[in-house]
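> fold the following.
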Amino acid sequence: MNYDVFISCKHEDYEIAALVYEFLKSKGVSVFIASESLRRSGKTDYLDEIDKALESCKHMIVFTTRSEYARSTFVKEEWMTFRNEKLSGRKNGNLLTIIGDGLTIADLPLGLRRYEVIP
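Here you go, the predicted structure:
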């Protein structure tokens with residue numbers, strides 16, 4: 001399946017990130033978020049499914065309420081993969097970070113700070 005938007009977040013943020021997911025879905029946007037999309041796919045090779053979603057997505061939203069969540073292994077790998085695809089010219093979509101719980105732009109990894117950040 002091809003996705004318009006890939007939402008990357010740590011599982012501790014799934015409940016809040018699901019609000020963004022539901023909003024985008026209600027607007028007819030095809031959205032991947034692991035907590036919903038992997039369960040619905042019925043497939044057990046999660047890493048392969050995530051890679052396919054990253055490959056097909058046009059845009060990425062990183063949702064984080066803590067600095068360490070944006071730096072966690074899987075979240076960082078997802079946004080770095082998308083960023084590298086942009087830098088290489090293979091993707092031209094947007095990389096957007098939504099931050100919460102008083103997080104500031106300065107709290108984010110440098111690689112995310114150069115793109116749009118919404119509190």
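> can you count the residues close to Ser37?
A total of 19 residues lie near Ser37 under the criterion other C-beta atoms under 10 Å. (C-beta placed from N, C-alpha, C; glycine too.)
> which element is it on?
Following DSSP states H and E, one finds Ser37 within helix 34-41.
> what's that helix packed up against?
Judged by 3 or more C-beta pairs under 8 Å, 6 or more residues apart in numbering; DSSP states H and E, the packing partners of helix 34-41 are helix 14-26, helix 46-56.
> got a list of what Met1 touches?
30, 52-53, 56 (C-beta atoms under 8 Å, 6 or more residues apart in numbering).
> scratch that, Asp13
For Asp13, the contact set (C-beta under 8 Å, 6+ apart) comprises 63-65, 69, 100.
> quick check, pLDDT for it.
For Asp13, the pLDDT comes out at 97.
> thought Asp107 was touching Tyr69?
No. Counting by C-beta atoms under 8 Å, Asp107 stays clear of Tyr69, with 10.4 Å between them.
> if you count surrounding residues, which of the two has more?
Taking other C-beta under 10 Å, Asp107 and Tyr69 do not tie; Tyr69 has more neighbours (20 against 16).
> TSV for the helices and strands packed on helix 34-41, including mean neighbour count?
Formatted as TSV, the helices and strands packed on helix 34-41 follow (neighbours: other C-beta atoms under 10 Å):
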stretch	mean neighbour count
helix 14-26	15
helix 46-56	15
